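Engineer: Give me coordinates for this.
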Amino acid sequence: MDVQHIGVLHPGAMGISLAATARNSGHKTYWVSHQRSPQTRLRAEKQGLVEVQRIAELCEHCSVIVSVCPPHAALEVAEQVCNCSFKGLYVDVNAISPQHVKQIEQLMSDVGIDFVDGGIIGPPAWSPQTTWLYLSGPSAGQASRCFSGGPLEVEVMGSEIGKASALKMCFAANSKGTTALLCAIMAAAERMGVREELENQWSRNGSDFARSTVNRIRKVTAKAWRFSGEMEEISSTFQAAGLPSGFHLAASDIYQRMARFKDAGDPPPIEEILAALLSVDDQETRSTEPSEP
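Structural biologist: This next block holds a predicted model:
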């Protein structure tokens with residue numbers, strides 16, 4: 001097996017697990033330390049990634065670059081690589097719409113970079129059969145060999161750019177979109193003074209739905225800031241498919257209201273989350289109330 005030099009932009013919670021799988025597969029992995037957090041450095045050092053200072057250095061050393069970043073940064077990261085005369089294989093595994101992916105693929109094609117579309121379903125990949133990386137594009141098979149050692153599971157979907165991202169968008173439209181809807185339902189019930197009764201109704205006949213819903217909402221707070229952009233990408237995906245886009249635009253708003261919990265550590269109490277969801281409406285109500293004559 002040929003040893004690949006693989007750069008990961010950037011080794012956050014998900015990216016570092018992909019880098020670990022690449023190392024398990026016998027490859028050498030790199031990261032860019034410029035303007036990265038101490039937490040990112042700790043993750044990279046723990047997994048034995050090779051440090052370089054700038055993206056230009058990464059492009060010099062690596063034949064494969066994997067982009068794992070928040071959706072809003074996907075295009076910017078791609079442009080940075082394009083500006084560094086990179087000529088290898090670029091694998092975009094970000095949660096972005098098929099249209100967005102095709103835009104990035106065109107940028108890459110214009111400067112001679114081979115491109116693969118990817119979509120990740122599941123949590124950071126530390127255990128087998130928990131996280132799947134779907135790949136599509138003419139070079140998807142080549143990209144899959146970078147992760148052959150597991151525990152990340154890899155499936156090639158064919159040669160069409162956009163298919164992997166389309167699957168990711170449809171899957172997250174349910175999993176994360178439904179969670180946002182439950183957040184809104186609980187906040188509405190809280191505002192109208194019927195949350196206790198709603199939870200009691202959900203709990204009839206021994207159902208665990210009320211408890212599991214509270215836990216689901218609490219667990220999502222740490223990543224809500226990131227999911228907001230993903231919901232916008234899903235909205236764009238639905239619109240391109242000829243479907244209403246408003247469902248996930250509203251979900252984006254819900255997640256943005258919880259963005260304050262990004263660095264909160266332990267999941268906050270449900271009461272604190274509902275207060276954050278309702279505080280924006282409180283401010284909007286006050287701003288539209290007529291002033292005293």
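Engineer: Can you pull the phi and psi angles for Glu155?
Structural biologist: The phi and psi values for Glu155, taken as degrees, to the nearest 10, are phi -130, psi 130.
Engineer: Model confidence at it, what's the number?
Structural biologist: As predicted, Glu155 sits at a pLDDT of 98.
Engineer: cool, and Ser175?
Structural biologist: As predicted, Ser175 sits at a pLDDT of 96.
Engineer: For Ala140, see how far away it is.
Structural biologist: Distance from Ser175 to Ala140, counting by C-beta to C-beta, to the nearest Å: 24 Å. Where C-beta positions appear, they are placed from N, C-alpha and C, glycine not excepted.
Engineer: Make sure His72 is indeed in a strand.
Structural biologist: No - counting by DSSP: H, G, I helix; E, B strand; the rest coil, His72 is not part of a strand but helix.
Engineer: Thought Phe227 was touching it, still the case?
Structural biologist: No - using C-beta atoms under 8 Å, His72 is not in contact with Phe227, being 11.7 Å away.
Engineer: Show me where the stretch 1-150 of the chain has its strands.
Structural biologist: Counting by DSSP state E, counting those that start in this stretch, the stretch 1-150 of the chain has strands at residues 5-9, 28-32, 50-52, 64-67, 89-92, 114-121, 132-136.
Engineer: what about His72 and Phe227, which has more around it?
Structural biologist: Shown here are His72 and Phe227; by other C-beta atoms under 10 Å, Phe227 has more neighbours (26 against 15).
Engineer: can you give me phi and psi for that one?
Structural biologist: Here is the backbone geometry of Phe227 (degrees, to the nearest 10): phi -70, psi -20.
Engineer: got it, and Gln35?
Structural biologist: On the backbone of Gln35 - angles per degrees, to the nearest 10 - the values are phi 70, psi 20.
Engineer: Next, the contact list for it, please.
Structural biologist: When contacts are counted by C-beta atoms under 8 Å, 6 or more residues apart in numbering, Gln35 touches no other residue.
Engineer: Relative to Gly229, how far out is it?
Structural biologist: To Gly229, Gln35 is 19 Å away according to C-beta to C-beta.
Engineer: before we move on, what about Ala22?
Structural biologist: Going from Ala22 to Gly229 by C-beta to C-beta gives 25 Å.
Engineer: Give me the more crowded residue out of those two.
Structural biologist: The residue with more neighbours, out of Ala22 and Gly229, is Ala22; 26 against 20, by other C-beta under 10 Å.
Engineer: My understanding was that the more buried one contacts Phe147; is that so?
Structural biologist: Yes - assessed by C-beta under 8 Å, Ala22 is found in contact with Phe147 at 6.1 Å.
Engineer: any common contacting residues for these two?
Structural biologist: Here Ala22 and Phe147 have no joint contacts, going by C-beta under 8 Å, 6+ apart.
Engineer: hang on, the earlier thing: could the strands of the stretch 1-150 of the chain be laid out in a markdown table, adding mean pLDDT and mean neighbour count?
Structural biologist: Compiled in a markdown table, these are given as follows (pLDDT from 0 to 100; neighbours: other C-beta atoms under 10 Å):
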| stretch | mean pLDDT | mean neighbour count |
| --- | --- | --- |
| strand 5-9 | 97 | 26 |
| strand 28-32 | 97 | 23 |
| strand 50-52 | 97 | 15 |
| strand 64-67 | 98 | 25 |
| strand 89-92 | 98 | 27 |
| strand 114-121 | 98 | 24 |
| strand 132-136 | 98 | 24 |
